[in-house]
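Asker: Need coordinates for the following:
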Amino acid sequence: MSKHRRHWSESEKKAILQYYQEHGVTSASRQFEVSTSMIYRWASDSSSATVKEVETSVSIKEYHRLLRENQALKELVAEKELEIRIKDALLKKTSPLNKSG
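Answerer: Numbering: from 1, shown residues only. Have a look, this model is predicted:
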């Protein structure tokens, strides 16, 4: 085994990861002569980077606006649920089946 470490460019890593997703880790490892653990590490790093990009793509102002909007929608759903429960309770009280005749 060589003592020299091989360096992979970002484009090579992306190509290997693409091949890995299509053909599996064993096949990719053999095809590109890279260890399976390295492929798994690249895949993990790639998914972490994607999550960080998504997290930072929303500004703080936008984030707080979304929180307020979410809260308002939750309150609206709660009000509608309460209305439905009240109507159901009233219908049960006034139902002709419950009256004794």
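Asker: what's the distance between Gln71 and Arg65?
Answerer: Distance from Gln71 to Arg65, counting by CB to CB, to the nearest Å: 11 Å. Heads up, the C-betas are built off the backbone N, CA and C, glycines and all.
Asker: brain fart, Val77
Answerer: Using CB to CB, Val77 is found at 19 Å from Arg65.
Asker: and what of Ser47?
Answerer: From Ser47 to Arg65 the distance is 28 Å (CB to CB).
Asker: Over to Trp8?
Answerer: Distance, Trp8 to Arg65, by CB to CB: 41 Å.
Asker: per-domain residue ranges of the protein.
Answerer: 9-57, 58-95 (automatic domain parsing).
Asker: looking at these, which has the lowest confidence?
Answerer: When the domains of the chain are compared on average pLDDT, domain 9-57 comes out lowest at a mean of 84.
Asker: Between the two ends of that domain, what distance do you get?
Answerer: 26 Å (CA to CA, to the nearest Å).
Asker: gap between that domain and the chain center?
Answerer: Domain 9-57 has its C-alpha centroid displaced from the chain centroid by 19 Å (CA atoms, centre = their mean, to the nearest Å).
Asker: same thing with stretch 74-91?
Answerer: On CA atoms, centre = their mean, the centre of stretch 74-91 falls 31 Å from that of its chain.
Asker: who touches it?
Answerer: Residues outside stretch 74-91 that contact it (CB atoms under 8 Å, 6 or more residues apart in numbering): none are found.
Asker: now do stretch 65-72
Answerer: Val58.
Asker: Give me the buried stretch members for that stretch, please.
Answerer: Using 16 or more other CB atoms under 10 Å as the test for burial, stretch 65-72 gives no buried residues.
Asker: Put the alpha carbons of stretch 10-28 into CSV.
Answerer: Output in CSV follows, covering the C-alpha atoms of stretch 10-28 (Å, rounded to 0.1, in the frame of the first residue of the first chain):
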residue,chain,number,x,y,z
GLU,A,10,-14.3,18.5,-5.5
SER,A,11,-15.4,17.5,-9.0
GLU,A,12,-13.9,14.1,-8.6
LYS,A,13,-15.6,13.7,-5.2
LYS,A,14,-19.0,14.7,-6.7
ALA,A,15,-18.5,12.2,-9.6
ILE,A,16,-17.6,9.4,-7.1
LEU,A,17,-20.6,10.3,-4.9
GLN,A,18,-22.9,10.3,-8.0
TYR,A,19,-21.6,6.9,-9.0
TYR,A,20,-22.0,5.7,-5.4
GLN,A,21,-25.7,6.7,-5.3
GLU,A,22,-26.4,4.9,-8.6
HIS,A,23,-24.3,1.8,-8.1
GLY,A,24,-23.5,1.4,-4.4
VAL,A,25,-20.5,1.9,-2.2
THR,A,26,-18.7,-1.3,-3.1
SER,A,27,-18.9,-0.7,-6.8
ALA,A,28,-17.8,2.9,-6.4
